[in-house]
Structures are given as structure tokens and as C-alpha cells.
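K.L.:
What follows is a predicted protein model with its sequence.
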Amino acid sequence: MLVTPGCFTTYRKESNPLSRYLDHHVGNRALLAIGALAESEIDLPDDVILERVLGDLTVEPPAFSGEVEMGAFKQFQGPSLEIGPSTKTDAHVQMIAFGVVGDASLLLTWPDAADDVEPIDPFDGDGWAHPLVSDDYDEQDAMRRFEFRAAQERFTVGEHRDVPCLWFRLHIDPRTYHEGFDHSAHKSFVDEQIARVRPIVDRIASQINEYRQTTLPAKVVSALERRRSEARNREAFENALSWPLGFPRATLEVDLQTAEAGAPPAEPAALQLLPRGLTDTTFADIVVAVRRWANGAQRYPRSFHRPQRAYEDWITDQICIALNMLSAGGADREVFRHVGKTDITVRMKDTDRGTGEEVVFVCECKWWGGEARVRDDLDQLLGYLGQRHTTGMLIYFVANEDLEAVEGNAIRALTAHDAYIERVGEHASWPVLRFQQEGRRADVCVAFVHLHYASALRAADDAAEGFETEE
């Protein structure tokens, strides 16, 4: 027999803690309200925000109103029992409504800090036992089974005459319920059960009041501080990126000394267009982002191997994703674009010459193909330069086992290039080399991503997918 447990039972204690109900139905709504605040509102005083957020969140603790009404309803119609010669009548349940003010549904929960009160289970303290159907099943067995069913929902929440109430169910045995019967035993039983319920209801009300006055405001203030911290960190992060809004115009210096009478005015010096591009801080941020991506990629080289050349575009897309994570300010800051075959570029306006957007950062990705190809790789990268000063990266994906040998060969070939000027330092342990070609200067960070894994395993993978293993 499947029945729904009533209020104040062990089932409610184990399955419906009041704290979970409050966090789910009240606390989560408050946290959503904090998340919905505009950036301009989160710095308002705490009391102003608390009043705004908590003003619409109401949870009224339940309490008995003092109203009690009795009525006989034949719910759980019981067995027909003989009450006289050739006379039978049905057992029934007496429903007693105890009026409740506040949120009566909270009576279906159990107070968390209520070690001094015990749940009220069917037959607990009543001296009844679970009815067993015996071979000689008789009226007494039928009545005990009826009593058991009624006791499953001794206390339930509902309404009586459109008023919230706590229903108390009392089974009635018609064999003892007759004219002149002393009802004091029934009344004593009801009073005893209600006396056990009142402390539980008081604990529920006490926990709700504590939640409204202390716990919930603390949760809201904590969530508010997290939002404020996130805003501060984002602002500091964006400021640290130092994105230039454009290239400033060159300054014209004018000699304000009075010219001699009759002397022609001095010719102004020719304007020197300043080489400007990404700031060093921003360039370093980009390289660090690629380094973090590379550290993760090197843990799973097998994922990036087959087939090598065809995967250049796909790997470049992954780097684009890593770089776009730098653009925390929104879509208008997503300046990393995958164009051409394997390029990642940043474009900015040249306000000096009014030529519109030009490339100020280039990233070229290549699988390492030997020292002989390095010159062509660099020429391809330098060919994208549009500004007088550009920063860039040349990223090599290395499948060879000896990474140090590859790095040495690559640097040797790059420093032998006609456009090479000097080594200017390093970012994220990768060298930065300076090149100048046709009046355009570029600081290029040369990165190496080691994607080697055992040749035997690589050959097996290639054979399984129909590729020829590249050495």
C-alpha cells in the first residue's frame, strides 16, 4: 500500500530539511537578483541593495491561529463493523482542522536544529502495531488495517473554508462510538498529539526568522562582494592590457622666438612619424596566452598529429579561441581574427596617415619542416606587415623528438636572414627577435610547441586512418 507521508514524520526529517527549502525557494531568488544588478548599481550601499533585493522576498513562518473546527468526513472509508444484532456501520475518519497563519506549506519541512524534538510516526506512542493479515482475518484485523492507513497521514496541510489549516485525522471505531460514549479519551489523544507538534512548529518559525534576519542577508552581501570583486578584477585586467585606441599624431615643435625683421620664416622641420603599435604589455599578454595554450596542447600531442598539414587551420582556430579570452570587455574587443590560411592578425587604425586599419600584430603557424623552410616562413610573416612597427609570432608545431635541436636550427636560420637586426629579449621563455624590412620593423616572438609522440604509435595510428607516416 503506497501512501504519501504526512507532516512531522521521520520521512520529512530525512527528506525535507527546512534549510534546503529556504535556500532553493528564497536564497536562490535573492542571488539571481544580485546577478541581475547593473554594473552601476553594485557599488550602492549594502543596506540599499538589501532593501531592494529582499523587499520582494517574503517567507512567513507558520503558527497556529487558535481556530479549531471539527467535522466528520468519511475519508478512507473503513470496514463495516457489527454494532448490534443485524446492524453494521462503517468506520470513518474524524477530520479536525487547526487554523494556521503564515505559510502552511512550510509545515512539510523539518527544522535543522531540532535535536530536542522527535518526529511523529504512525502508531508512535499509540500502542498500535503494524496490521498483519492472518489466516483468520476478522473484523479486528480489518479495523487495525484501517487505523494504519489513517495514521499514515495523521497530520497533513490543506485548507478548510479557504483558510490554511493543519488537518488532524482521527479514526473512529463505530463499535465504541455510540450515544453516551465518553469522548474524553479521543480528546486527550488529540491534545497529546498537538502538544508534540507545537515545539516542532516553533522550531520551524525560529529557523525561518533566523534565516530572514541573519543568514539570507549574509548570503546576499557575500554574493554582492563577489560581483564587486569580479568587476574590480575585470577593470584591472582590461587596464593591464593597455590596448591603444589608435596611433597618436606626431607632435610639431614650433620655435616661438621672434624672427629678425625682414628675415624669412624658418622652414619647419619635417614631421617624423613615430613607429607605434601594440604596447609591450599587450604583446607580452598575447604571448603568455599562447604559452598557456601550448602547455595544455603538449600534454595531448596525439590529438594534434593526424594529418599534420591539414590540421594547421584547425590548430590556429584553437589558438584564436585562447587569444579571444583576453578580450574580457565584450564583442567589440574580440580583435583576434583567423584570416588567410593560417594567420592570426590584429588590426588598428593609423590616425597619423589616415590610411584606415592596418595590421599591427601577425601570428603565423607552421609545422616544423626543416631549417631550409625557415626563411620562407619568415618572409611570409613579414609580408603581412602593414605598419611601421608590428609585433608578431612565428609558431612552430614540432613533431620531432629532439625539440632543442629544432629550436637551435630555427634560431640559426632566422638570425641569418637579411632583415634580422637583434635579439631583444624573450616572453614566456620564447625568444623575441627584431627584423626590419623596407622601413617596417617587426618584433617577432618565435614559439615552439612540442607535439611529438612515439613513432611506433604514430605509425599505427596513421596506418589505421590510411595516412603515410611523415618523418
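P.N.:
That came in fine, so what should we check first?

K.L.:
per the record, what domains does the protein have?
P.N.:
What the record gives for the chain is the domain set 10-81+88-225, 280-465, from automatic domain parsing.

K.L.:
Adding mean pLDDT, mean neighbour count and distance to Asn233 as columns, could you present those in CSV?
P.N.:
Bear in mind the C-beta positions are built from the backbone N, C-alpha and C, glycine included. Below are those laid out as CSV (pLDDT from 0 to 100; neighbours: other C-beta atoms under 10 Å; distance: least, C-beta to C-beta, whole Å):
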stretch, mean pLDDT, mean neighbour count, distance to Asn233
domain 10-81+88-225, 79, 15, 12
domain 280-465, 78, 17, 9
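
K.L.:
I'd like to know which of those lies nearest to Arg234.
P.N.:
domain 280-465 (5.4 Å; C-beta to C-beta).

K.L.:
about what we covered before: would you reformat the domains of the chain as CSV and include distance to Arg234?
P.N.:
Output for these, formatted as CSV (distance: least, C-beta to C-beta, whole Å):
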stretch, distance to Arg234
domain 10-81+88-225, 10
domain 280-465, 5
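
K.L.:
Which stretches in the stretch 151-300 of the chain count as strands?
P.N.:
155-160, 163-172 (DSSP state E, counting those that start in this stretch).

K.L.:
Give me the angle between the last one and strand 155-160.
P.N.:
Spelled out, that is strand 163-172. Strand 163-172 runs at 120 degrees relative to strand 155-160, counting by axes from the mean of the first three to the mean of the last three C-alpha atoms, to 10 degrees.

K.L.:
strand partners of strand 163-172, parallel vs antiparallel please.
P.N.:
Looking at strand 163-172 with DSSP bridges, its partner strands are strand 92-101 (antiparallel), strand 155-160 (antiparallel).

K.L.:
Reformat the strands of the stretch 151-300 of the chain as CSV; add distance to Ile34.
P.N.:
Compiled in CSV, these are given as follows (distance: least, C-beta to C-beta, whole Å):
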stretch, distance to Ile34
strand 155-160, 32
strand 163-172, 31
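
K.L.:
Quick check: which of the ones you listed is nearest to Ala410?
P.N.:
Going by C-beta to C-beta, the one of those nearest Ala410 is strand 155-160, 76.1 Å.

K.L.:
Just the C-alpha atoms of stretch 53-68, please, in PDB.
P.N.:
Coordinates of each C-alpha in stretch 53-68 appear next as PDB, following Å, rounded to 0.1, in the frame of the first residue of the first chain:
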ATOM      1  CA  VAL A  53      16.600  42.600  -3.100                       C
ATOM      2  CA  LEU A  54      14.900  41.300   0.000                       C
ATOM      3  CA  GLY A  55      11.900  43.600  -0.200                       C
ATOM      4  CA  ASP A  56      10.000  41.300  -2.600                       C
ATOM      5  CA  LEU A  57      11.200  38.100  -0.900                       C
ATOM      6  CA  THR A  58       8.600  37.200   1.700                       C
ATOM      7  CA  VAL A  59       8.500  34.000   3.700                       C
ATOM      8  CA  GLU A  60       6.100  34.000   6.700                       C
ATOM      9  CA  PRO A  61       6.800  31.400   9.400                       C
ATOM     10  CA  PRO A  62       3.700  29.200  10.200                       C
ATOM     11  CA  ALA A  63       1.900  29.400  13.500                       C
ATOM     12  CA  PHE A  64      -1.400  28.200  15.000                       C
ATOM     13  CA  SER A  65      -4.100  30.800  14.800                       C
ATOM     14  CA  GLY A  66      -6.100  29.200  17.700                       C
ATOM     15  CA  GLU A  67      -9.100  28.300  15.500                       C
ATOM     16  CA  VAL A  68     -10.200  24.700  15.700                       C
END
